[in-house]
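Asks: Okay, sequence plus prediction incoming.
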Amino acid sequence: MESHERELIEKALPTNFEVKKLYKQHQEFEERLKKLGRQVFLTSTEEAEERKLKQLKLKGVERMLRLASA
């Protein structure tokens, strides 16, 4: 997420419940991705999870930006 996107989202956090929920979820996905990234080897299940988390993060950011811009 770029800094101007982060600023827009953070500005909407106090007043928009859905943005707040998505932001928390985004942070949880990021933490799980960090844990997976520290592993030397990923199983095929973990690789699939990593791909899914990245997709979910991207969709979440897109949704937060739409909500914050409205």
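Replies: Everything's here; your move.
Asks: Grab the most central residue of the chain for me.
Replies: Nearest to the geometric centre of the chain sits His26, at 2.8 Å (Cα atoms, centre = their mean).
Asks: Which of the residues in the helix or strand hosting that residue are classified as buried?
Replies: Element membership of His26, judged by DSSP states H and E, is helix 17-38. By neighbour count on 16 or more other Cβ atoms under 10 Å, the buried set for helix 17-38 is Val19, Leu22, Tyr23, His26, Phe29. Using the backbone N, CA and C atoms, a C-beta is placed for each residue, glycine as well.
Asks: quick check, nearest of these to Lys35?
Replies: Distances from Lys35 to these, taken as Cβ to Cβ, are shortest for Phe29 (10.9 Å).
Asks: wait, the closest one sits on Leu58?
Replies: No: judged on Cβ atoms under 8 Å, Phe29 makes no contact with Leu58 at a distance of 9.9 Å.
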